[in-house]
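S.K.: sharing a model prediction with you, sequence too.
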Amino acid sequence: MRMIPWAHATKDELKNVKGVCLDIDETLSTRGKLTAEAFSALWKLKDSGFVVVPVTGRPAGWCDHIARFWPVDAVVGENGAFTLFMEAGKLKRINTPGAPNDHQARLKKLGAKIQKKFKDAKWASDQAYREFDLAIDVCEDVKPWPKNKVQELIALCEDAGAHVKLSSIHVNTWFGNYDKAGGLKHWLVKKGGPGLNGHVPTWDELLFIGDSPNDEPLFASFQHSVGVANLAEFSSSLKHPPRWITSKESGAGFAEMVTRLVDVRFPSQLK
């Protein structure tokens with residue numbers, strides 16, 4: 001399916017969007033930095049009345065900070081393992097069902113297999129703050145791995161019975177029957193979106209924006225889905241690409257999405 005330029009999204013198509021779910025790395029961030037333009041766009045969404053929920057592969061430790069300090073209503077972390085949100089001024093958490101009780105032991109065993117086959121494999125610098133998955137750095141703080149080596153790593157994890165997803169910086173692998181879409185659905189649909197004070201959008205009233213193959217479960221789940229321009233690198237491997245794609249990459253593409261969405265939904269705010 002061909003991705004449509006985001007500039008072609010119409011008022012009729014976007015008129016019911018009440019919330020935005022977003023990936024973080026290289027969707028909101030740009031080459032590892034959160035730019036003023038992108039963070040201002042995040043505030044613009046919140047100030048315009050949208051529900052805002054990052055859905056990320058980043059760890060529990062990061063998500064604690066994000067839920068407390070960013071202009072967001074909740075954050076889904078570690079590729080769907082849990083959701084953190086503020087309620088009555090207190091940090092609350094909901095774990096997504098599906099993680100086996102022995103997942104840490106199984107991850108340790110898988111990690112040993114990875115290091116045996118790939119002698120130079122390095123865990124992500126944020127691994128110490130993770131609870132449910134193993135993140136192998138393939139370009140964030142190491143020399144970028146060649147594509148064939150990344151595919152070998154993915155195959156090894158799959159052969160071990162683990163779930164595995166490639167982000168823009170890591171290969172994330174975990175044991176459990178959940179993913180980004182499942183984690184978001186558990187918090188919003190199953191639990192009723194605690195922390196939203198009753199202002200709960202339906203699934204069809206949400207828009208998701210992402211940049212990499214680990215966002216595919218959400219591209220497939222939403223009627224309103226957007227990729228930032230750097231997603232084009234992975235387009236040939238996506239079975240479920242987003243409906244739209246921005247003209248700009250990373251944080252600039254996120255800001256491009258926000259500007260048009262707010263303009264279409266609330267045109268008077270930009271006058």
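M.R.: The structure has been received and is ready for your questions.

S.K.: so residue 71, which of the three states?
M.R.: What DSSP: H, G, I helix; E, B strand; the rest coil gives for residue 71 is coil.

S.K.: quick one: the strands in the protein, in order.
M.R.: 4-5, 19-22, 51-54, 75-77, 82-87, 90-95, 133-137, 163-166, 170-174, 206-210, 224-227, 244-245 (DSSP state E).

S.K.: residues in contact with the closest residue to residue 55 other than its chain neighbours?
M.R.: Leaving aside its sequence neighbours, residue 55 sits nearest to residue 76 (CB to CB, 6 or more residues apart in numbering; 4.3 Å). Placement of C-beta: from N, CA and C, glycine included. Neighbouring residues of residue 76 by CB atoms under 8 Å, 6 or more residues apart in numbering: 21, 53-56, 82-83, 180, 183-184, 187.

S.K.: what about residue 204, distance to residue 76?
M.R.: 18 Å (CB to CB, to the nearest Å).

S.K.: any weak-confidence spans in the stretch 151-271 of the chain?
M.R.: 268-271 (pLDDT under 70).

S.K.: how about the helices in it?
M.R.: Counting by DSSP state H, counting those that start in this stretch, one finds helices in the stretch 151-271 of the chain at the ranges 180-185, 216-221, 250-265.

S.K.: list the contacts of the longest one.
M.R.: In this case it means helix 250-265. So helix 250-265 is contacted by 6-7, 9-11, 14-15, 17, 20, 22, 26-31, 34-35, 37-38, 40-42, 44-45, 48, 50, 207, 209, 211, 226, 228-230, 246-248, 269-270 (CB under 8 Å, 6+ apart).

S.K.: mind listing what's buried in that helix?
M.R.: 250-258, 260-262, 264-265 (16 or more other CB atoms under 10 Å).

S.K.: just the second one next, same as before
M.R.: Going by neighbour count (16+ other CB under 10 Å), the buried part of helix 216-221 is 216-219, 221.

S.K.: for those, give me CSV that also has distance to residue 64.
M.R.: Compiled in CSV, the buried residues of helix 216-221 are given as follows (distance: CB to CB, whole Å):
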residue, distance to residue 64
216, 27
217, 24
218, 22
219, 27
221, 26
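
S.K.: of all those residues, which two lie farthest apart?
M.R.: Taking CB to CB as the measure, the buried residues of helix 216-221 span a maximum distance of 9.5 Å, between 216 and 221.

S.K.: from the buried residues of helix 216-221, which is closest to residue 106?
M.R.: residue 217 (21.6 Å).

S.K.: thought the closest one was touching residue 178?
M.R.: No - assessed by CB atoms under 8 Å, residue 217 is found out of contact with residue 178, at 9.8 Å.

S.K.: report the residue ranges of every domain in this structure.
M.R.: 4-97+178-270, 103-174 (automatic domain parsing).

S.K.: next up, the contacts around residue 9.
M.R.: Contacts of residue 9 by CB under 8 Å, 6+ apart are 244, 260, 264.

S.K.: for it, give me the pLDDT.
M.R.: At residue 9, the model reports a pLDDT of 96.

S.K.: phi and psi next, for it.
M.R.: Dihedral pair for residue 9: phi -60, psi 130, per degrees, to the nearest 10.

S.K.: report the separation between it and residue 263.
M.R.: In terms of CB to CB, residue 9 sits 11 Å off from residue 263.

S.K.: again, but for residue 27
M.R.: Residue 27 is 20 Å from residue 263, by CB to CB.

S.K.: do the same with residue 168
M.R.: When residue 168 is compared with residue 263 (using CB to CB), they lie 27 Å apart.
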